[in-house]
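In: next come a sequence and a model predicted from it.
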Amino acid sequence: MAGRRSGESAPRSISGPQAPLVWKFGGTSVGDHDRIRAVAQRMVDAQRSGRGVVAVLSAMGKSTDALVAQAAAISANPPLRELDALLSVGEQISCALTAMAVAELGGRAVSLTGPQAGIRTDATHGGARMLGLDPARIRAAVEDGAIVLVTGFQGESPDGDTTTLGRGGSDASAVAVAAALGARECEIFTDVPAVFTADPRVVPTARRLATIRPQEMLELAEAGAGVLQPRSVELGMAHGVDIHLRSSFGTEEGTWIRGGAGDFEVAGTAAVAGVAHRRDEHLYTVDAPLGAVAAALAARGLVLGAVVPGPATTVSVPAAAPEAVVAALDAAGIAVASREDLGSVGVVSLGLARAPGVVTATLDVLATAGITPRLVTTTPARVSVLVAADRVDDATRALHAALVVGEDTGARRTAA
């Protein structure tokens, strides 16, 4: 992963005086009443220093999981429109309680739902795409002296229905709000202090990074790094918004996700950015035309991954819960003949298309560790390998030791 390079300027300060601070607080940051009060205090302090504040909030703690469980207790296949109506409640609770906490501190805040904040989406329930954002109401409230609290994860369809943006959608909401307000940066406060070259809970030698290129962060997020939703990184790249991921429990700098000044042919570098993993991946064997399988998954907001043709077709559906996959296929009358429970590891390198040795090294490392790949796929910037679920951690540690820690980092990257 790219850190701050020699001669590179320090991260820019938050945008000019006309743009408010745009912050996002994750579920753990507002996980209980004490943490909500701490978040409220941070906002009030910032506003009293002379800055406007707009904050996007996630649902408290694991409350979204609790709502999903309630839905599952009623229906094995709930209507997606009604599921969105249910799941959107969590963020509204966070925003309302935080507004009350701000008031207790002598400040003033206004909570806005996604539709009230002007977030417009398509009609795809469970994984809607944002079509636009009209920030007029947010701007008016900031100019009126209020701290603005926006419910993350949700928007409004053309028919006026509440939609949700998929897991981690509050990250995307926050970056979209920053872009609409003309802010050049968005700070995302979470329970981790920074981005690392691998999950430090699995790889103790993983390095904390000062900066990382958006392209690298996007690939790591797609491969399973849970610190940011991939769509938020895409939005930042598309609209020129830098993202600062940092801990909500301190004041130290975290990791800046932004393009490096002076990079020359970024995609030509062969350095390995990092290793990400998922412990919950699956291969499904189905007996139906591939087009029908893809259409059934798409109807539920799921994306067909790798395909292994044969007498019975085997497919992967990256980052999707098996219950969601089975429900999507069942709704189209397609039965899942069998399922193999696996995990995945992904090695990210922007120069992979011109550095085939990275793929060779990945497979060699796994072979040396006695780990058998079940499926290998490559993109121009990532090699992904499905392995037995109980070997995911071993594979992650081995690949990181050989391809990240073991490389000559030089001046290209700097640990924070």
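Out: Noted; the coordinates are in hand.

In: show me the shaky parts of this structure.
Out: 1-18, 260-270, 405-416 (pLDDT under 70).

In: how about the helices in it?
Out: Assigned helices in the chain, in chain order: 33-48, 63-74, 80-87, 89-104, 136-143, 169-181, 214-223, 230-239, 290-299, 322-331, 357-368, 392-400 (criterion: DSSP state H).

In: which of the ones you listed is buried the deepest?
Out: For those, ranked by mean neighbour count under the definition mean count of other C-beta atoms under 10 Å, the leader is helix 169-181 at a mean of 28. C-beta: built from backbone N, CA, C; applies to glycine.

In: what packs against that helix?
Out: strand 21-25, strand 53-57, strand 130-133, helix 136-143, strand 147-151, strand 154-156, strand 185-190, helix 230-239 (3 or more C-beta pairs under 8 Å, 6 or more residues apart in numbering; DSSP states H and E).

In: kindly reformat the ones you listed as a markdown table containing distance to Glu82.
Out: Shown next, in a markdown table, are the helices and strands packed on helix 169-181 (distance: least, C-beta to C-beta, whole Å):
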| stretch | distance to Glu82 |
| --- | --- |
| strand 21-25 | 27 |
| strand 53-57 | 23 |
| strand 130-133 | 21 |
| helix 136-143 | 27 |
| strand 147-151 | 18 |
| strand 154-156 | 14 |
| strand 185-190 | 30 |
| helix 230-239 | 24 |
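
In: surely Val22 and Gly182 touch.
Out: No - proximity of Val22 to Gly182 does not meet the contact threshold set by C-beta atoms under 8 Å, at 10.0 Å.

In: between the two, which is the more surrounded one?
Out: Counted by other C-beta atoms under 10 Å, Val22 and Gly182 do not tie: Val22 has more neighbours, with 31 against 16.

In: what sits against the more buried one?
Out: Val54, Ala55, Val56, Ala174, Val177, Ala178, Leu181, Ala183, Glu185, Cys186, Glu187 (C-beta atoms under 8 Å, 6 or more residues apart in numbering).

In: 6 Å - rerun?
Out: Val54, Val177, Ala178, Ala183, Cys186 (C-beta atoms under 6 Å, 6 or more residues apart in numbering).

In: quick one: which two of the residues you listed are the most distant?
Out: Farthest-apart pair in the contacts of Val22 is Val54 and Cys186; separation 9.7 Å (C-beta to C-beta).

In: so what pairs up with the residue nearest to Ser384 when sequence neighbours are not counted in the strands?
Out: Nearest in space to Ser384, with sequence neighbours left out and distances taken as C-beta to C-beta, 6 or more residues apart in numbering, is Gly346 at 4.5 Å. In this structure, Gly346 bridges to Ala276, Ser384 when assessed by DSSP bridges.
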